[in-house]
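In: please work out how this folds:
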Amino acid sequence: MAFSATLSSPLGFPNHQSPLAFSTKPITTRPIKSTTSFAIPPLSTADVAATFDGTTVAVIGGGSVAALATVLSLADPDRRRRLQAEEVGGEDKEVVKDYFNNSGFQRWKKIYGETDDVNRVQRDIRLGHAKTVENAIKMLTDEGQLRGVTVCDAGCGTGSLSIPLAKEGAIVSASDISAAMVAEAEKQAKEQLLGGKDDPSVAPVIPKFEVRDLESLDGKYHTVVCLDVLIHYPQSKADGMIAHLASLAEKRLILSFAPKTFYYDLLKRVGELFPGPSKATRAYLHSEADVERALRKVGWRITKRGLIATQFYFAKLVEAVPA
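Out: Residues are numbered from 1 along each chain as shown. Next comes the predicted model:
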């Protein structure tokens, strides 16, 4: 998933960005400007407990950034994450697997789905993720038809990208660390691809779904796509993962990641104070410069880039090709 930030203020939050900013030119990401100062909401607020997870952030008007920094200095989210990892017998990967097979699966199944049983924040995150998928598909189809093109969807979730690609005629290999996510993706694929309601000139092939982590992926594909997954990898491990994904791709690699800026980093740190009852996963932000550097190290260059931003969802999307 990409970085999501819950912003609640009695003064309202300025409409600082359009839902989508996308181009083939470099984009300079700037901190969001706001006249509202931020403070920690009271822990007794019911909406905080119901809404927050490790990638969800809440701030309200009042107080000061200095006061916020003081509270952050007293918090120890790293200790909480270590205890959480010990509970499931491992580090970040085990925590992610446990989360998305249990409470996280239920939460994100609703967000990725079409149910009306979502709150305002979840609905907005759904819109942001859909925009990311939409623009990833546009990157792919800009180069021509996808019929017969092999695509690896690394971290497929519930199939929100795999299924549309199959409808376009692509041969999709999809995987996720969560068995629950893979089962839901398979179910959705059969319902949508075998219904016979789409273009009869394109005979979709059901994607091959597997329960696998990114590290175990192998093979060669025309295109590798990895959306909203790098948020689970610190930069030290993200470099190796980007290199691994590039080694699987012959022509093209498409990545999305939560952008690291001062503002987004501050929001993330606030969110870590409110893990919620589901004990969600740690969220890692990445600067575009770091991602570009990791790609250059393995002989790849970015050709397209964009920023998807709704009120509560932020993601950078890049396409890279061999240099």
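In: the closest residue to residue 143 other than its chain neighbours sits in which helix or strand?
Out: Nearest residue to residue 143 in three dimensions, chain neighbours excluded: residue 252, at 7.8 Å (CB to CB, 6 or more residues apart in numbering). In this view, the C-beta of every residue, glycine as well, is placed from N, C-alpha and C. If you go by DSSP states H and E, residue 252 is part of strand 249-257.
In: contacts for that strand, please.
Out: 2, 132, 136, 139-140, 143, 152, 220-228, 230-231, 238, 242, 245-246, 285-286, 291, 295, 300, 308, 315-322 (CB atoms under 8 Å, 6 or more residues apart in numbering).
In: which among the residues you listed count as buried?
Out: Listed as buried from the contacts of strand 249-257 are 2, 132, 136, 139-140, 152, 221-228, 230-231, 238, 242, 245-246, 285-286, 291, 295, 300, 308, 315-321; burial here means 16 or more other CB atoms under 10 Å.
In: which residues does residue 220 contact?
Out: Residues near residue 220 by CB under 8 Å, 6+ apart: 150, 248, 249, 250.
In: would you mind measuring from it to residue 299?
Out: From residue 220 over to residue 299 the distance is 16 Å, taken as CB to CB, to the nearest Å.
In: likewise residue 182?
Out: Remark: distance between residue 182 and residue 299 (CB to CB) = 32 Å.
In: what does residue 255 give?
Out: Separation of residue 255 from residue 299 (CB to CB): 16 Å.
In: ditto for residue 191
Out: Look at residue 191 and residue 299: by CB to CB, they are 41 Å apart.
In: residue 231 now?
Out: Going from residue 231 to residue 299 by CB to CB gives 25 Å.
In: next, count neighbours for the residue nearest to residue 232 when sequence neighbours are not counted.
Out: Leaving out its chain neighbours, the residue that sits closest to residue 232 by CB to CB, 6+ apart is residue 96, at 5.0 Å. Neighbour count for residue 96, taken as other CB atoms under 10 Å: 23.
In: tell me where the model's unsure across the stretch 1-150 of the chain.
Out: 1-91 (pLDDT under 70).
In: let's see 50
Out: Along the stretch 1-150 of the chain, the parts satisfying pLDDT under 50 run over 3, 5-66, 68-77, 80-81, 83-90.
In: now the angle from the lengthiest helix in the chain to strand 249-257?
Out: Across the chain, the longest stretch assigned as helix under DSSP state H is helix 120-141. If you take axes from the mean of the first three to the mean of the last three CA atoms, to 10 degrees, helix 120-141 sits at 160 degrees to strand 249-257.
In: strands along the stretch 51-200 of the chain, start to end?
Out: 58-61, 150-154, 171-176 (DSSP state E, counting those that start in this stretch).
In: point out the one among these that comes closest to residue 102.
Out: Among the strands of the stretch 51-200 of the chain, the nearest to residue 102 by CB to CB is strand 171-176 (14.3 Å).
In: please name every helix or strand in contact with the closest one.
Out: Counting by 3 or more CB pairs under 8 Å, 6 or more residues apart in numbering; DSSP states H and E, the packing neighbours recorded for strand 171-176 are strand 150-154, helix 162-167, helix 179-193, strand 208-211.
In: try it again at 10 Å.
Out: In terms of contact count using 3 or more CB pairs under 10 Å, 6 or more residues apart in numbering; DSSP states H and E, strand 171-176 is assigned the packing partners strand 150-154, helix 162-167, helix 179-193, strand 208-211, strand 221-226.
In: parallel or antiparallel, which strands does it pair with?
Out: Sheet pairing here is set by DSSP bridges, and for strand 171-176 it gives strand 150-154 (parallel), strand 208-211 (parallel).
In: compare the ones you listed and report which one is nearest to residue 118.
Out: Among these, strand 150-154 comes nearest to residue 118, with 23.6 Å by CB to CB.
In: how much does the closest one deviate in direction from helix 179-193?
Out: 140 degrees.
In: tilt between strand 150-154 and strand 221-226?
Out: For strand 150-154 against strand 221-226, the angle by the same axes, to 10 degrees is 20 degrees.
In: in strand 150-154, which residues are buried?
Out: For strand 150-154, burial by neighbour count (16+ other CB under 10 Å) applies to 150, 151, 152, 153, 154.
In: give me the pLDDT for the nearest residue to residue 181 once chain neighbours are set aside.
Out: Nearest in space to residue 181, with sequence neighbours left out and distances taken as CB to CB, 6+ apart, is residue 157 at 5.3 Å. Note on residue 157: pLDDT of 94.
In: same thing with the one 4 residues further on?
Out: pLDDT, residue 161: 98.
In: same question for residue 311.
Out: 87.
In: give me the number of residues near it?
Out: Residue 311: 21 surrounding residues under other CB under 10 Å.
In: leaving out the residues flanking it, which one is nearest to it?
Out: Nearest residue to residue 311 in three dimensions, chain neighbours excluded: residue 124, at 5.4 Å (CB to CB, 6+ apart).
In: and that neighbour, how far is that from residue 93?
Out: Using CB to CB, we find residue 124 at a distance of 28 Å from residue 93.
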